[in-house]
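Student: next comes the sequence, and after it the predicted model I'd like to discuss.
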Amino acid sequence: MIVGLIIPFTPFGASIGFQALPLPYFPWLLAILLAYCVLTQVLKGWYLKRFHTWL
């Protein structure tokens, strides 16, 4: 993910037509990633309580 975020800021990214993302994008990205991690952990806990085993 870090590499994907950095590529648009490099000359290579510019040469293939990438543009840097606007600054307000990054807090949203962080919030979405954190929410995904929390939701995944909550659902994993629920699954383990319900079925007493992992897939």
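Tutor: Right, received. Where do you want to start?
Student: show me the contacts for the spatially most central residue of the chain.
Tutor: Note on the chain: the residue nearest the mean C-alpha position is residue 33, at 4.2 Å, using CA atoms, centre = their mean. Counting by CB atoms under 8 Å, 6 or more residues apart in numbering, residue 33 makes contact with nothing. Placement of C-beta: from N, CA and C, glycine included.
Student: check the gap between residue 25 and residue 54 for me.
Tutor: Distance from residue 25 to residue 54, counting by CB to CB, to the nearest Å: 35 Å.
Student: who's more crowded, these two?
Tutor: residue 25 (11 against 7; other CB atoms under 10 Å).
Student: ok, now how distant is that one from residue 40?
Tutor: Separation of residue 25 from residue 40 (CB to CB): 22 Å.
Student: tell me the secondary structure for the residue nearest to the centre of the chain?
Tutor: Here residue 33 is recorded as helix under DSSP: H, G, I helix; E, B strand; the rest coil.
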